[in-house]
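Participant: Pasting the sequence and the predicted coordinates here, then a few questions.
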Amino acid sequence: MSKSVFACLLLISVFFTSCGIARKSANTTYDRETLSPQEQRKFDYLFLEATRLAQAGKSDESFDIMQQAAAIDTASAVAKYALAALYLQMNKPQPAYDLIKTASAEAPDNYWYGMMLANLAGNLGDTDEAIIAYQNLISHNPKKPELNYMLADAYTKKGEYQNAIDAFNRMENSMGIMESITLQKVKLYKALNQPDMAYAEMNRLIAASPRNIGYMVLLGDLYLDDNKPDEALKMYNQAAEIEPDNGYLLMSKANYYNHIGNKEEFEKQIYTALLNDKVDVGMKLSILTDYLNLLLQKKEDIGKVDDLFAALLDMHPQEDGIHKLYADFLISQKRFSEAQEQMQIVVDLSPAVAGNWVQLMRITMFLEKYDDVIRIGENAIKYVPEIADIYLYWGGSYIMLKKYDEAIAIFQKGLENVGTERPTAIADLYGQIGDSYHAKGEPEKAYEMYEKALTYDPKNVGVLNNYSYYLSLEKKDLDKAERMSGETVKLEPDNATYLDTYGWIFFQQGNYSLAKLYLQSALSKDPEHSPELMEHYGDVMFMLGDADEALEYWQKAKEAGSESDVLLRKIKDKKYYEK
């Protein structure tokens, strides 16, 4: 509840109090002890002062004084209501709920008490109480038929769909037929497995607005969903007599032809919609997205897609959404260079959209065009300087080029621009600074950065993994390394890299059996066939006395691309050597 709304509610309450009619509700059925004149004056003063403070935005002071007022007049419904409103401002709904239940019981005809009670009951999951509260509100406020909407919502949450429909009907009886209500009833009748009633509701809408083809299309969709294609087609044809180029109609007709297995007509409707200049671009994107998903699922007719996008982009060359969708399709086909070209157009058209820059940098990084990533990063921060991923890709490209000082400078720039309210992003940046220092041969600075990263995000798996692995390489703080690596395995038990690190730490501790267990698990989950992982497994097998299997895995590591001089010595001498 906003401060302004709360102030208004308190002013209403104060008005009734000052007029002397909030002291005892007309519906109260019990006798209460009357306050002495001195108590009454003190109560009124405290209540008014609390109200003034609330209006001034001083909620804490208002709450303290309102509590004092409520302690003087323990039966005051208006004080309870005011305290409940203050509890809501403090984000404490349960004590607010407890107070408003009492206030509403003392003044059951008070609209504001009843509304707060009903809303809080619904928000706190007390659906039965919410239903009772709305029923009470309706009985005391017959000229507010819209309350039936809230009652229907409560019934729907409880699963009492027919009661919800009855509430909607009472609302419509007073206010007339309304699209939103009718569509709600259609959903409820579908849930009740009463399709004929759902059709009847849609026909009422059509009768009320006979030129609205959206209702005809929706009824056709209902028929199609219930496997009644003939009835569906009749509705679509009826709509086509009024507006044959409507995008929703064309899409529904395409679904109809797909439903009956007429592939030729299905695609004809799709193309008619996509190449129709009377269909808006947003609708075309929706149609095209569904169509592409269908083609990708069936893995057929993919060759048509390029021609289709070419035609669409000829019609709409400045629509970034079409270029973006084309890029997504190209990525799905592993055509990354072409996807990069499309994403470059996207960022040129919409440079203020951060996600577009990140996507472009991600693709360019994958293509190993590191100089291009750097150029893109320099441009991106002119428009979206607060996005951490931009600095991570930008600085990461410098790391790949072995320009570590430049990388550190970019990550530091990221720390300056990415707010501390995003701790995971800050941790990622510190982690990358740590990786850069380690690559420079400055492990102590690297560890300092890792520690900073973990103060922002103690469960940052990338930092935990690298920190623990580098410690293990130095055989330093192995117990700490084991704890950190164990956390990564707990968080991501199927990650081969983290399992490799964990196994390698056990190797460094001399616990070869556990090392073998985790390295075997890593091998089973490694789709990349990491040469380092295979070399580690060979090392473990050598220490366990199986020189033949050790040699086999060292050879596999070499075949997988390792160019380590130490590995070549192992293979040549059939013996383990430390790096």
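Facilitator: Okay, I see it. Just so it is clear, the structure is predicted and the values come from calculations on it, not from any experiment. Numbers count the residues shown, from 1 in each chain.

Participant: Tell me which other helices or strands the host helix or strand of residue 505 touches.
Facilitator: Secondary-structure assignment from DSSP states H and E places residue 505 in helix 496-508. Helices and strands touching helix 496-508, by 3 or more Cβ pairs under 8 Å, 6 or more residues apart in numbering; DSSP states H and E, are helix 461-473, helix 478-491, helix 512-524, helix 531-543. In this view, the C-beta of every residue, glycine as well, is placed from N, C-alpha and C.

Participant: Can you add mean pLDDT and mean neighbour count and give these back as TSV?
Facilitator: What follows is the helices and strands packed on helix 496-508, written out as TSV (pLDDT from 0 to 100; neighbours: other Cβ atoms under 10 Å):
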stretch	mean pLDDT	mean neighbour count
helix 461-473	96	22
helix 478-491	96	19
helix 512-524	96	19
helix 531-543	96	23
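
Participant: To residue 279, which of those lies closest?
Facilitator: Residue 279 lies closest, by Cβ to Cβ, to one member of those: helix 461-473, at 45.3 Å.

Participant: which outside residues touch the closest one?
Facilitator: The contact list for helix 461-473, computed with Cβ atoms under 8 Å, 6 or more residues apart in numbering, reads 427-428, 430-431, 434-435, 438, 443, 446-447, 450, 453-454, 457, 477-478, 480-482, 484-485, 487-488, 491-492, 495, 497-498, 501, 504-505, 508, 579.

Participant: again with stretch 310-327
Facilitator: With Cβ under 8 Å, 6+ apart as the test, stretch 310-327 has contacts from 274-275, 277, 281-282, 284-285, 288-289, 292, 309, 339, 342-343, 345-346, 349-350, 353, 356, 359, 363.

Participant: same thing but 6 Å
Facilitator: Counting contacts by Cβ atoms under 6 Å, 6 or more residues apart in numbering, the residues outside stretch 310-327 that touch it are 281, 285, 309, 339, 342-343, 345-346, 349-350.

Participant: Show me which parts of it are buried, residue by residue.
Facilitator: 312-313, 316, 319-327 (16 or more other Cβ atoms under 10 Å).

Participant: How about stretch 180-189?
Facilitator: Those would be 181-186, 188-189, for stretch 180-189 by 16+ other Cβ under 10 Å.

Participant: which ones among these are found in helices?
Facilitator: Using DSSP state H, 181-186, 188-189 are the members of the buried residues of stretch 180-189 that sit in helices.

Participant: Quick check: next helix or strand after the host helix or strand of residue 433?
Facilitator: Residue 433 belongs to helix 423-439 when elements are defined using DSSP H and E. Downstream of helix 423-439, the first helix or strand assigned by DSSP H and E is helix 443-456.

Participant: Just the buried ones out of the contacts of helix 461-473, please.
Facilitator: Judged by 16+ other Cβ under 10 Å, buried ones among the contacts of helix 461-473: 427-428, 430-431, 434-435, 438, 443, 446-447, 450, 453-454, 457, 478, 481-482, 484-485, 487-488, 495, 497-498, 501, 504-505, 508.

Participant: Low-confidence bits of this structure, can you list those?
Facilitator: Along the chain, the model assigns pLDDT under 70 to residues 1-33.

Participant: Which strand or helix spans the residue nearest the centre of it?
Facilitator: Against the mean C-alpha coordinate of the chain, by Cα atoms, centre = their mean, the closest residue is residue 355 at 14.8 Å. Assigned by DSSP H and E, residue 355 belongs to helix 354-366.

Participant: Determine the set of other helices and strands touching that helix.
Facilitator: Where contact means 3 or more Cβ pairs under 6 Å, 6 or more residues apart in numbering; DSSP states H and E, helix 354-366 is packed against helix 336-349, helix 370-380, helix 388-400.

Participant: Of those, which is nearest residue 70?
Facilitator: Ranking the helices and strands packed on helix 354-366 by their distance to residue 70 (criterion: Cβ to Cβ) puts helix 388-400 first, at 48.6 Å.

Participant: what does that closest one contact?
Facilitator: By Cβ under 6 Å, 6+ apart, helix 388-400 touches 358, 361, 365, 370, 373-374, 377, 380, 406-407, 410-411, 414, 418, 425, 432, 436.

Participant: between it and helix 423-439, how big is the angle?
Facilitator: Angle, helix 388-400 to helix 423-439, by axes from the mean of the first three to the mean of the last three Cα atoms, to 10 degrees: 10 degrees.
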